[in-house]
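**Student:** structure of the sequence below:
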Amino acid sequence: MDLDFKQILTASMVLFAVIDIVGSIPIIIDLRRKTGHIQSGKATIIAGVILTVFLFVGQSMLNLIGITVSQFAIAGSFVLFFLALEMILGITFFKEEDEDAMKDASVFPIAFPLVAGPGSLTSILSLRAEFSSENIIVAIFVNMIIMFIVLKASAKIERLLGQNGIRILRKVFGVILLAIAVKIFTTGIRDIFLIPS
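**Tutor:** Numbers count the residues shown, from 1 in each chain. Alright, predicted model coming up:
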């Protein structure tokens, strides 16, 4: 095992910026209101597993089903786009139809695509080209600890900010999430058209 602190720190910072779990607090609070409860441990474990598995089999899996990383990113950007519209306009796209489905908010859309989404998954593939897998795994673990803490503290953060604070944050981060979705979409489109026929 070849652990490199500099690689771990760099990979951790890249994933932290892409995942942006702190910036997702308004979304998390909103989803907790809709579903009544978010299973922090379940969401964290599932997101961590998705990121780790994708590190090793992501490229091969996408190639196997004939999907490029760019196409995968574009598909995920649509999900983020609609989440952002919910936050900005106060409309609802994601409706839970039964009690069992409500429990899955920890999986969708928190674990995927909010945390283990197109941005973080494509970043994982990019990091693998530069850093060793062991260091990336440690970076994933570090980010999952941060994610767990934020999910656990979301209720306290909501009480601290109050209704008006949450409403303002929700609109602001909705616009930011929308911008991220557009960026992922445009980058994916650009990469597709740069691929030789």
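
**Student:** show me the helices in the protein, by range?
**Tutor:** 5-19, 25-35, 40-64, 69-89, 99-103, 118-128, 133-194 (DSSP state H).

**Student:** who are the contact partners of the closest residue to Asn135 other than its chain neighbours?
**Tutor:** The shortest distance from Asn135 to any non-neighbouring residue, by Cβ to Cβ, 6 or more residues apart in numbering, is to Gln7 (4.0 Å). For every residue, glycine as well, the C-beta is placed using N, CA and C. Residues in contact with Gln7 (Cβ atoms under 8 Å, 6 or more residues apart in numbering) are Phe131, Ser132, Asn135.

**Student:** redo that, cut-off 10 Å
**Tutor:** Leu127, Glu130, Phe131, Ser132, Glu134, Asn135, Ile136, Val138, Ala139 (Cβ atoms under 10 Å, 6 or more residues apart in numbering).

**Student:** quickly name whichever of the residues you listed is closest to Ser40.
**Tutor:** Nearest to Ser40 among these is Ala139, at 20.1 Å by Cβ to Cβ.

**Student:** hang on, that closest one packs against Ala11?
**Tutor:** Yes: the pair Ala139 / Ala11 is scored as a contact, 3.6 Å apart, by Cβ atoms under 10 Å.

**Student:** quickly list what's touching both of these two.
**Tutor:** With Cβ under 10 Å, 6+ apart, Ala139 and Ala11 have common neighbours Ile124, Leu127, Phe131.

**Student:** can you list those in CSV and add pLDDT?
**Tutor:** Formatted as CSV, the shared contacts of Ala139 and Ala11 follow (pLDDT from 0 to 100):
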residue, pLDDT
Ile124, 88
Leu127, 84
Phe131, 86
